[in-house]
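J.: next comes the sequence, and after it the predicted model I'd like to discuss.
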Amino acid sequence: MSTLDEGIKELDDLDTFFSFLTQIGQSHRKIPGFKPDYFWKIEKPFLEAVKMTLGDRYTENVENIYKVTIKLILETLEKGYNT
C-alpha cells in the first residue's frame, strides 16, 4: 500500500508515475518465487479500503474511476516485472 501511495503522489507527472511503477515491478523479479499475477491480489483489498474510507462518497462513478486506476497501476507493475 505504501508503494501505491508513493505512486499516486506522482500522478501530476505521468512519466515519473509510470517510470516509478515500472521500476517497482522490475524490483519484484528479485523476490524468490514471486509471480507477476501476485500483483493482482491487492486489487480487491485496495478497492475495499477505498470504499471504507470514502463511505457515503463512494458512488458508482467513483468506484469505476478507482477500478480503472488500480487496473492501470497493476498492469504497469506487471509490465515492469516482465521487462
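T.: All right, it came through fine.
J.: wait, residue 83 sits on residue 23?
T.: No - Residue 83 lies out of contact with residue 23 (Cβ atoms under 8 Å); the separation is 10.3 Å. Every C-beta, even on glycine, is put in place using the N, C-alpha and C of the backbone.
J.: mean confidence for stretch 12-30?
T.: In this model, stretch 12-30 carries a mean pLDDT of 91.
J.: pull out the buried residues from the lengthiest helix in the chain.
T.: Looking across the chain with DSSP state H, the single longest helix is helix 60-81. Neighbour-count burial for helix 60-81, counted by 16 or more other Cβ atoms under 10 Å, picks out 66, 69, 70, 73, 74, 76, 77, 78, 80, 81.
J.: ok, the most centrally placed residue in the chain to residue 23 distance?
T.: For the chain, residue 73 is the residue whose C-alpha lies nearest the centre (Cα atoms, centre = their mean; 3.6 Å). Relative to residue 23, residue 73 is positioned 13 Å away (Cβ to Cβ, to the nearest Å).
J.: then residue 5?
T.: Separation of residue 5 from residue 23 (Cβ to Cβ): 16 Å.
J.: of these two, who's got more company?
T.: Taking neighbours as other Cβ atoms under 10 Å, residue 5 and residue 23 compare with residue 23 leading, 11 against 8.
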